[in-house]
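Participant: heads up, no residue letters with this:
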């Protein structure tokens with residue numbers, strides 16, 4: 001579809017609004033402030049009135065623009081308003097893409113305000129049984145892994161957001177949909193990002209999300225075990241000592257909490273836990289293959305399949 005000789009048209013206006021709504025969910029106060037002011041001018045100015053603005057009335061209502069002079073830097077004000085606009089299909093992706101950076105950010109007031117608004121939106125979807133919107137949220141999250149591969153500025157907050165959502169049970173519907181399709185795709189994204197990654201913080205976050213995907217109360221738990229546990233086994237022999245130790249610690253905690261629901265053989269579970277505790281996972285090198293042997297024994301005890309190549313991995317080499 002061509003727009004003739006128009007310098008400004010509805011598609012361009014929609015793109016501008018998408019960018020501004022994404023920035024309105026940003027973690028930086030000054031960015032949210034400027035984005036809010038720009039949206040006010042675009043949506044409410046009558047001198048002149050900007051043409052080709054899609055969903056003008058809905059956005060004005062959602063963002064409360066009938067009242068001027070808002071402090072858009074205030075997270076307690078901005079995020080609840082922003083999440084009223086997220087149900088507009090054309091703006092769902094940019095708004096969710098923006099808010100994950102705030103939810104998973106380090107600024108407490110911003111993270112708290114954005115998390116509360118995101119959680120409330122998901123609760124509202126559940127009440128309304130609007131599962132397609134929840135599935136759309138999952139698609140957006142997976143899309144961010146592909147769009148921002150190796151980009152820690154986006155992926156670290158995204159991983160933190162996923163961890164929070166999993167901890168509060170807000171991804172249960174996604175984990176069960178289509179016989180675990182979202183779970184399988186997410187694990188593929190996590191494994192791809194971990195492969196060759198040199199960012200230890202990101203690797204630790206990937207391990208945390210992976211183990212949080214093991215939810216024994218859900219019907220897809222067998223798929224979870226099949227997808228998650230072999231990956232966790234590979235992280236026990238990650239080139240970075242800190243990652244190996246963290247993986248062992250977090251796996252031990254998971255088995256202590258949910259092991260009896262995940263595995264039938266109590267004696268095997270106990271021996272696996274003892275190996276997780278006794279092995280010195282943060283050793284810089286493993287010349288005699290003791291860590292490899294311990295990892296392989298844990299996999300055997302928990303009936304986790306490993307390829308011959310995976311079983312023969314040795315510690316010592318780090319990827320770029």
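Facilitator: Yep, it's here. Keep in mind that what you see is a predicted model, and the values were worked out from it rather than measured.
Participant: got the contact list for residue 215?
Facilitator: Under the criterion of CB atoms under 8 Å, 6 or more residues apart in numbering, the contact partners of residue 215 comprise 166, 169, 172, 175, 221, 224. For the C-beta atoms, the positions are set from N, CA and C on the backbone; glycine is no exception.
Participant: hang on, it in a helix?
Facilitator: No. Using DSSP: H, G, I helix; E, B strand; the rest coil, the assignment for residue 215 is coil, not a helix.
Participant: mind checking the backbone torsions on residue 214?
Facilitator: Backbone geometry at residue 214, expressed as degrees, to the nearest 10, gives phi -80, psi 100.
Participant: can I get the contacts of residue 215 in TSV with distance to residue 30, neighbour count and secondary structure?
Facilitator: Shown next, in TSV, are those (distance: CB to CB, whole Å; neighbours: other CB atoms under 10 Å; DSSP: H, G, I helix; E, B strand; the rest coil):
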residue	distance to residue 30	neighbour count	secondary structure
166	31	20	helix
169	34	13	coil
172	37	18	helix
175	37	22	helix
221	45	18	helix
224	41	21	helix
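Participant: Among these, which one lies nearest to residue 305?
Facilitator: Here the nearest of the contacts of residue 215 to residue 305, counting by CB to CB, is residue 224; it sits at 14.7 Å.
Participant: Make a markdown table from the contacts of residue 215 and add pLDDT and distance to residue 200 to it.
Facilitator: A markdown table is the format used below for those (pLDDT from 0 to 100; distance: CB to CB, whole Å):
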| residue | pLDDT | distance to residue 200 |
| --- | --- | --- |
| 166 | 97 | 21 |
| 169 | 95 | 28 |
| 172 | 94 | 30 |
| 175 | 93 | 27 |
| 221 | 91 | 30 |
| 224 | 93 | 25 |
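Participant: List the residues that contact residue 207.
Facilitator: 232, 235, 243, 246, 247, 250.
Participant: Can you report how many residues lie near residue 275?
Facilitator: By other CB atoms under 10 Å, 17 other residues sit near residue 275.
Participant: Now name the helix or strand holding residue 202.
Facilitator: Per DSSP states H and E: residue 202 is located in helix 200-212.
Participant: I meant to write residue 65 there.
Facilitator: Taking DSSP H and E as the definition, one finds residue 65 inside no helix or strand.
Participant: follow-up on the earlier one: how about CSV for the contacts of residue 207, with neighbour count, secondary structure and pLDDT added?
Facilitator: Formatted as CSV, the contacts of residue 207 follow (neighbours: other CB atoms under 10 Å; DSSP: H, G, I helix; E, B strand; the rest coil; pLDDT from 0 to 100):
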residue, neighbour count, secondary structure, pLDDT
232, 22, helix, 98
235, 25, helix, 97
243, 23, helix, 98
246, 20, helix, 98
247, 28, helix, 98
250, 19, helix, 98
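Participant: List of residues touching stretch 86-93?
Facilitator: Residues from elsewhere that reach stretch 86-93 (CB under 8 Å, 6+ apart): 14, 17-18, 21, 54-55, 58-59, 62, 85, 95-96, 121, 133, 136-137, 140, 143.
Participant: What residues of that stretch count as buried?
Facilitator: By 16 or more other CB atoms under 10 Å, the buried positions in stretch 86-93 come out as 86, 87, 88, 91, 92, 93.
Participant: can you give me how far it is from the chain middle?
Facilitator: Counting by CA atoms, centre = their mean, to the nearest Å, stretch 86-93 is centred 18 Å from the centre of its parent chain.
Participant: ok, now which ones touch residue 63?
Facilitator: Neighbour list for residue 63: 36, 39, 43, 81, 82, 84, 85 [criterion: CB under 8 Å, 6+ apart].
Participant: Name the nearest of those relative to residue 271.
Facilitator: The closest of the contacts of residue 63, once distances to residue 271 are taken by CB to CB, is residue 82, at 50.4 Å.
Participant: and that closest one, what helix or strand is that in?
Facilitator: Using DSSP H and E, residue 82 sits within helix 75-85.
Participant: helices and strands around that helix, which ones?
Facilitator: Counting contacts by 3 or more CB pairs under 8 Å, 6 or more residues apart in numbering; DSSP states H and E, helix 75-85 packs against helix 10-24, helix 29-44, helix 56-62, helix 89-103, helix 108-127.
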